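Undergrad: For reference, the sequence and a predicted model appear below.
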Amino acid sequence: MISIFKDNVELCTALADLFISTGTSAIAKNGRFIVALTGGSSPVTLHKILAQPEYQSQLDWSKVFVFWGDERWVPLTDEKSNAKMAFETLLNHVPIPKQNIFPMWSDDKDAKAYAADYEQILRGFFGEDEANFDLLILGMGEDGHTASLFPHTEVLHERTKWVDAYYLEPQQMYRITLTEPFINKAQKVAVLVFGANKASALHEVLEGERNFEQYPSQLLAPASGKLTWMVDEGAASKLTDEAKASK
Ligand SMILES: O=C1O[C@H](COP(=O)(O)O)[C@@H](O)[C@H](O)[C@H]1O
């Protein structure tokens, strides 16, 4: 399903509403809301909306558990850290217990070793064959990557691990990421895409020929969950009317 919004604020307001409604239902049903955040610059507005008193007061944050879809392997104090951004824009402003937050970072392990640890943490939360996150928020880069599933990387073919880490040569850094099989077990996946700079990639991902090596976001296809592309008019500008109408 594709939902198109006038601009980033309208889009992030709708996603904040989805966050609150999904969280409220999950807490009523299971006693907890398990969510994965995305990184990059796209979620900043979403986080700031959720941190506003009228939004944050709608959720029992003691029952919210926060994970990430991916991370740049840098300390939590580094400006490039997805978790640092989330703490500064959201998590430091809401009454969530620190033990409910699971950044993808360890001060004393390397990325590969911590990927295995992170997978064990997730296995503690989710049964082997059951659906996972109540809500998994993802972004998409201009090159069509999502999470840290970058074009032409080995991790695109990972079938067994839930979490993996690898050295991303062009960025000269390790990346840690949820893998495609695990991502596609989420109950709800919302992909947040805004800006005309992403219009070509979005068109290729949604309407181009199948080529996930080039456009890894084509791998997004939850087995039984719901996938919603939440995009602004700029990002949607190269989509056909048919694609725009897809529900
Ligand atoms: O490096 C990353 O980039 C993507 C897209 O980021 P954006 O700045 O274009 O929003 C993001 O989804 C991912 O989490 C992040 O690690």
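TA: Arrived safely. Being a predicted model, the structure only gives us computed values, none of them experimental.

Undergrad: What sits closest to the residue of the chain found nearest the ligand if chain neighbours are left out?
TA: With C-beta to the nearest ligand atom as the measure, the residue in the chain that lies nearest the ligand is residue 40; the distance is 2.2 Å. Where you see a C-beta, it was placed from the backbone N, CA and C, and this is true even at glycine. The spatially closest residue to residue 40, leaving aside those adjacent along the chain, is residue 139, at 5.0 Å (C-beta to C-beta, 6 or more residues apart in numbering).

Undergrad: what are the bridge partners for that neighbour, then?
TA: When bridges are called by DSSP bridges, residue 139 pairs up with residue 192.

Undergrad: Which helix runs longest in this structure?
TA: helix 8-30 (DSSP state H).

Undergrad: Buried residues, it. List them.
TA: Residues of helix 8-30 classed as buried under the neighbour-count rule (16 or more other C-beta atoms under 10 Å) are 8, 11-12, 14-16, 18-20, 22-23, 26-27.

Undergrad: Let me know the closest of the residues you listed to residue 211.
TA: Within those, proximity to residue 211 (C-beta to C-beta) peaks at residue 11, which comes in at 26.6 Å.

Undergrad: Distance check, the residue nearest to the closest one when sequence neighbours are not counted against residue 111.
TA: With C-beta to C-beta, 6+ apart as the criterion, residue 11 has its nearest non-adjacent residue at 3.9 Å, and that residue is residue 5. Remark: distance between residue 5 and residue 111 (C-beta to C-beta, to the nearest Å) = 35 Å.

Undergrad: now swap in residue 27 and tell me
TA: Here the criterion is C-beta to C-beta. By it, residue 27 lies 33 Å from residue 111.

Undergrad: Output the below-cut-off pLDDT ranges for this structure.
TA: 129, 247 (pLDDT under 70).

Undergrad: Show the residue spans covered by the helices in it.
TA: Listed from the start of the chain, the chain has helices (DSSP H) covering 8-30, 44-51, 53-56, 82-89, 111-125, 180-183, 199-207, 241-244.

Undergrad: Great, nothing more from me.
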